[in-house]
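Chemist: Starting from these lines, generate the structure:
(chains A and B)
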Amino acid sequence: AAGVIQSPRHLIKEKRETATLKCYPIPRHDTVYWYQQGPGQDPQFLISFYEKMQSDKGSIPDRFSAQQFSDYHSELNMSSLELGDSALYFCASSLRRIQETQYFGPGTRLLVL
Amino acid sequence: RKEVEQDPGPFNVPEGATVAFNCTYSNSASQSFFWYRQDCRKEPKLLMSVYSSGNEDGRFTAQLNRASQYISLLIRDSKLSDSATYLCVVNTGGNMLTFGGGTRLMVKP
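Modeler: Numbering: from 1, shown residues only, chains lettered A, B, ... in the order given. Modelled structure (predicted):
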């Protein structure tokens, strides 16, 4: 079965640069979620989108923004990168109308130097 | 205090052992509950949802006690491949998942 696709899988950036992470949800899933997992920590919810509208907002820094497009894929834009932004960024998707569980993509590992 | 708390372990058990993990959550309005499994540097994978009536999937049994705000996972006949971090996950509303810190399990031959 098709799973959540994330790209790139690995990304190296320098401080103050920008990065864009992409997420392609499972086909027919209408809701996308972004999570950040720092080293040795559990995943922290950042933001979610349902039908291209922001649904919930968690601990997403103001330097980050995200959107969901008409094909339901989502992009997380990160600007003025800091060393502390180095983490695994997971995207998850679900079918919201039936409160379906969330399925996670393989993640993007971001390293900020 | 974290919203979802777990014993971080590690739990070191021999193959074939039965092991139980516990988890408590603080938000009484929490709506749904899950156990996810995460292998090192990989994504969390859904192990099972947790229902008040309790549910079983092969060697895995999950229980939810809403009154005590307590969730458990029992693994019977442990396999080497069960070695992983087990994440207690709570949907606290709006489909936002809150993760416990995870319990690390190591199954040894």
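
Chemist: Quick check: beta-bridge partners of residue B:89?
Modeler: Residue B:89 has the following beta-bridge partners by DSSP bridges: residue B:34, residue B:99.

Chemist: hang on, isn't it packed against residue B:102?
Modeler: No: using CB atoms under 8 Å, residue B:89 is not in contact with residue B:102, being 9.9 Å away. Just so you know, the C-beta spots here come from the backbone N, C-alpha and C atoms, and that holds for glycine as well.

Chemist: Nearest residue to residue 35 in space, please, no chain neighbours.
Modeler: Here I'm looking at chain A. Once its chain neighbours are removed from consideration, residue A:35 has its nearest residue in residue A:43; the separation is 4.0 Å (CB to CB, 6 or more residues apart in numbering or on different chains).

Chemist: Hmm, no, I was thinking of chain B.
Modeler: By the measure of CB to CB, 6+ apart, the closest residue to residue B:35 outside its immediate chain neighbours is residue B:47, 4.4 Å from it.

Chemist: Can you name the residues that contact the residue nearest to residue A:35?
Modeler: For residue A:43, the contacting residues are A:35-37, A:90, B:44, B:97, B:99, taking CB atoms under 8 Å, 6 or more residues apart in numbering or on different chains as the criterion.

Chemist: Just the closest of those to residue B:34, please.
Modeler: The shortest approach to residue B:34 among the contacts of residue A:43 belongs to residue B:97, at 7.7 Å (CB to CB).

Chemist: So what's the residue count around that closest one?
Modeler: 26 (other CB atoms under 10 Å in any protein chain shown).
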